[in-house]
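Asker: The sequence isn't on hand, but the structure is:
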């Protein structure tokens, strides 16, 4: 572990704290509290005294700053509170929902990487300008198609017209296919758009001419020279795409009636189940922060020009320490 | 008679753009024999680089060969399939590209990039290719080739990278080498070392060289035959003696007259009688930079005990290679950077610690013209706005007065007033540099710092700008601090010269004296590295 990683972890914690605080302020500043929502404001079978007792039980009678301190302290100990609707701990609810979402998100991500990346490579490699243009026209279309419509179309074709995959549920591998495809389309489109753009840029660089002057064919030029340089900006986008997948899960899981983080988000928001919503915000922030940290740590492995941090050299001298002065001292 | 390697016949290349077709190369015919170096000389837009690209069929996508043939050892390059070309490039013809800083793949190790040529053509397996790559790097004159092979391009200097590119081009021992301005991006001494080395490598192996250059001096020194191109056509062709000794084409004569390395005539203004108080004086200036800890920490002394005096109406040239501290010295003199120690005097007044409003007033008296007129002018501003900007900044005059001043300044720099409402993109490089000079003169400064003012320009344009600068100095009594790596230019315009090496002044004095009798070995080395030596001494001819 070097200082760079520690500093980045510190930053990650800061981001999580900020996400928690902002979501707390926004959610608790909303009019109405979970208790009155649970029983309805005009309910006759619960007396105001009982409602007050319930509020006291959830700590809702405390002033806002006191509630914040209490909740934050609990959250630091891993206790995210309990759902006011489902009466279960938030952490357990999220833990139950994660595997189902993770399986479709992972499948969608792999699919998006292969399809999006493949599309970008084939489009820039294609000799025929017509084919290349046709392929490059697909990503904007993929971004534009509404997920819920596309998901319903898939169900229409592959579950009802030709019963190949189940329309709903989360039993077995076959139930993953349609949701994953739905979720992958916008993600693949973003990856294809980004990668083809940066591939086109890389292919115009002088070092590509150098490679061609060596006698390298188009495939070698693409994979040995252009792709590695072009993948750097695309890698940055992958960090952001993970967020896209979480957001897409809300629609996809609703369309396919699958349990998961997306469904949990949708139901909790509509029920104004504040502790759950806040838990999900925190969870999403954590995923985001970790993925981007992983991307940052991957960068130096792909691009030798990036020395992670000046201070890193102090911890690990040697290989990376000397080159910075090399051009000045070594001469020709 | 040696074997004919390359024959270009009636070549015609056009660029198809949205605005129509631009013919870049017309009716070009040339040939290169084994062991021969043929230099193609011309200014930007002359079609010399397009011709070079056509020989290896690495033309821009918009370029089309309309007519003519290129025969490379029996291969019809113009009509060859991409697959057939792959058996020509790298193995029959090697290419040394123009800019070493961007021509190597930044994420691949040097050794791998050299070995790739051998692997592509099946000349070695993985292990042997790596060993041979190290050998190729050694032959290209790189020290510690084993270490270099494991490094990445960004860890090498420009000169070292150009040697790597030469190693790549020659690794598979091609019969012909196409070198497109192989040293234009490098310092003169490095340029000479690399051209010497290239000559030695190719002469030994009987390789033919097609050398593309804008510098007639380089061509005269290196070529067996010179081909002069202008506006896409070959205007003159022959041995260096014939072309430079008795040029028959008016364009060649013009090029010859303008080439700074060959130009003998001084364009400097007659010196104004020096006043007692110099415009600028710096005393024992020192500047240390703290190095990042990743570079091992410590400090780098960029400027070391530098003193000089610039009298009114004179030109002092600061000469040195990249990294010699000449730009940092100028920044210190302009008070754009704080010296670690030493003092700066303007008109005899110590301004080393001047701050705030007084510093702002000082800035009015010192203006700068930068190297690259393509980057130093805001592309969205009109010429009028560019020139009046310093006036606006200091609130000089009314709106109409400022506009009148802009028009007047255009007259001074010999540009038509119609230019006022144009934008930089509509102007040529020379015109842009004139606009930059007009902007520098807007506040009527006493001192103008010229930071490599002509090195981004074509030679004939360079000559015009140098003439203009000399004329302005005579008319307005300006003092110039002239920063340059190009001794040939310095010889023409400067009265005094200070040679910088690693932050120290190694030699200082009147230009005539320093150039005729350099006292310091480094100055002598710089002087002998100026290309065109063969022509200047009047012997000329091919060796």
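Answerer: Great, that's in hand. All values reported here derive from a predicted model rather than from experimental measurement.
Asker: Show me how far stretch B:74-92 is from its chain's centre.
Answerer: Between the centre of stretch B:74-92 and the centre of its chain there are 32 Å (C-alpha atoms, centre = their mean, to the nearest Å).
Asker: Quick check: mean pLDDT of that stretch?
Answerer: In this model, stretch B:74-92 has a mean pLDDT of 91.
Asker: so residue B:43, which of the three states?
Answerer: coil (DSSP: H, G, I helix; E, B strand; the rest coil).
Asker: Phi and psi next, for it.
Answerer: Per-residue torsions, residue B:43: phi -90, psi 180 (degrees, to the nearest 10).
Asker: Do you know the pLDDT at it?
Answerer: On pLDDT, residue B:43 comes in at 83.
Asker: again, but for the one 3 residues further on
Answerer: Looking at residue B:46, its pLDDT stands at 86.
Asker: Check the contact between it and residue B:227; I expect there is one.
Answerer: No - using C-beta atoms under 8 Å, residue B:46 is not in contact with residue B:227; the gap is 10.5 Å. Quick note: C-beta positions are derived from backbone N, CA and C, even for glycine.
Asker: mind checking which helix or strand residue B:497 is in?
Answerer: strand B:496-501 (DSSP states H and E).
Asker: what's the closest non-adjacent residue to residue A:86?
Answerer: residue A:93 (6.6 Å; C-beta to C-beta, 6 or more residues apart in numbering or on different chains).
Asker: which residues does the spatially most central residue of chain A contact?
Answerer: Nearest residue to the geometric centre of chain A (C-alpha atoms, centre = their mean): residue A:242, 2.0 Å. Counting by C-beta atoms under 8 Å, 6 or more residues apart in numbering or on different chains, residue A:242 touches A:109, A:287, A:288, A:291.
Asker: Is the third one within a helix or a strand, and which one?
Answerer: Counting by DSSP H and E, the element that carries residue A:288 is helix A:274-302.
Asker: Just name the shakiest helix or strand of chain B by mean pLDDT.
Answerer: helix B:533-536 (a mean of 61; mean pLDDT, DSSP states H and E).
Asker: The longest helix along chain A packs against which elements?
Answerer: Using DSSP state H to define each element, chain A has its longest helix at helix A:90-125. Counting contacts by 3 or more C-beta pairs under 8 Å, 6 or more residues apart in numbering or on different chains; DSSP states H and E, helix A:90-125 packs against helix A:129-144, helix A:174-203, helix A:227-255, helix A:261-270, helix A:274-302.
Asker: buried set for that helix?
Answerer: Buried residues in helix A:90-125, defined by neighbour count with 16 or more other C-beta atoms under 10 Å in any protein chain shown: A:90-91, A:93-94, A:97-98, A:100-101, A:103-105, A:107-109, A:111-113, A:115-117, A:119-121, A:123-125.
Asker: what's the burial count for residue A:274?
Answerer: Number of residues near residue A:274 (other C-beta atoms under 10 Å in any protein chain shown) recorded here: 25.
Asker: ugh, wrong one, residue A:204
Answerer: Neighbours of residue A:204 (other C-beta under 10 Å): 12.
Asker: Then residue A:243?
Answerer: Using other C-beta under 10 Å: residue A:243 sits among 15 other residues.
Asker: same check, this time on the one 10 residues further on
Answerer: When neighbours are defined as other C-beta under 10 Å, residue A:253 has 27 of them.
Asker: if I read this right, it contacts residue A:263, doesn't it?
Answerer: Yes - the pair residue A:253 and residue A:263 passes the contact test of C-beta under 8 Å, sitting 4.5 Å apart.
Asker: picking up where we left off before, highest mean neighbour count out of the helices and strands packed on helix A:90-125?
Answerer: By mean neighbour count, with neighbours taken as mean count of other C-beta atoms under 10 Å in any protein chain shown, helix A:174-203 ranks first of these at a mean of 23.
Asker: Please see if that helix touches chain B.
Answerer: No - in terms of C-beta under 8 Å from any C-beta of the partner chain, no part of helix A:174-203 sits within range of chain B; the closest distance is 9.6 Å.
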